[in-house]
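J.: what follows is a predicted structure for the sequence shown.
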Amino acid sequence: MKKTIRIVSLALSCSLFFLSNTIGMAQACKAKHIVGGCKANIKKPFKYDSYAINEFTFDNKPKEVEVQFTAFQGQKYKLVFCSSGFDEAVTMNIYDKSNKIKNNRHKLWDSSNGIDSDFWSFEPQKSGNYFIEYEIPVSKDGKVKKGCVVLMVGYTEPQE
């Protein structure tokens, strides 16, 4: 059983590694500092697993940025979103399919679901790929700037 948990954890970590942006962006966003400040939001029974960094540009055009992650049925996840470098309200949604697929695409979660909108519990109905879509608004002050969101992932042991 522990071997299965390690494999699941490794697969999720690898998935997030490939989805995160370049190391240069991580340094510009000071990812270690952000993670250090947010890690306390992953509390027992969840165990910290990994993080992914996404950098955004705020300018005069709204944008949608999609990232993919893999989740496994029977596993419970805690997703914690921490941001740096901007004051704009970025909306975050989880979908079962990519935005490239228009038919039967379902929103599973969004950041307007309550007071802890940056701390989500997620239990996938099936194993597979899921998609976080960030809705990036225009810059509040009209100046072009960069900011980032660090997605931290925690998980629980599967029930036997």
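T.: Structure received.

J.: how about the helices in the protein?
T.: Listed in chain order, the helices found in the chain under DSSP state H are 2-19, 23-29, 31-38.

J.: list the buried ones in the last one?
T.: Spelled out, that is helix 31-38. By 16 or more other Cβ atoms under 10 Å, the buried positions in helix 31-38 come out as 31, 34-35, 38. In short, each C-beta sits where N, CA and C put it, glycine included.

J.: let's see that helix as PDB, backbone CA atoms only.
T.: These are the backbone C-alpha positions of helix 31-38, laid out as PDB (Å, rounded to 0.1, in the frame of the first residue of the first chain):
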ATOM      1  CA  ALA A  31       8.400  30.700  -5.000                       C
ATOM      2  CA  LYS A  32      10.300  29.400  -1.900                       C
ATOM      3  CA  HIS A  33       9.200  32.400   0.100                       C
ATOM      4  CA  ILE A  34       5.600  32.100  -1.100                       C
ATOM      5  CA  VAL A  35       5.500  28.400  -0.300                       C
ATOM      6  CA  GLY A  36       7.100  29.000   3.100                       C
ATOM      7  CA  GLY A  37       4.300  31.500   3.900                       C
ATOM      8  CA  CYS A  38       1.500  29.200   2.700                       C
END
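
J.: will you turn the buried residues of helix 31-38 into CSV that also has pLDDT and distance to residue 47?
T.: Rendered in CSV, the data for these read as follows (pLDDT from 0 to 100; distance: Cβ to Cβ, whole Å):
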residue, pLDDT, distance to residue 47
31, 79, 20
34, 86, 19
35, 86, 15
38, 86, 15
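
J.: adding distance to residue 59, write these out as a markdown table.
T.: A markdown table is the format used below for the buried residues of helix 31-38 (distance: Cβ to Cβ, whole Å):
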| residue | distance to residue 59 |
| --- | --- |
| 31 | 23 |
| 34 | 22 |
| 35 | 27 |
| 38 | 26 |
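
J.: ok, so of the residues you listed, who is nearest residue 68?
T.: Nearest to residue 68 among these, counting by Cβ to Cβ, is residue 31 at 19.2 Å.

J.: residue contacts, that closest one?
T.: For residue 31, the set of contacting residues under the criterion of Cβ atoms under 8 Å, 6 or more residues apart in numbering consists of 51, 53, 148, 150.
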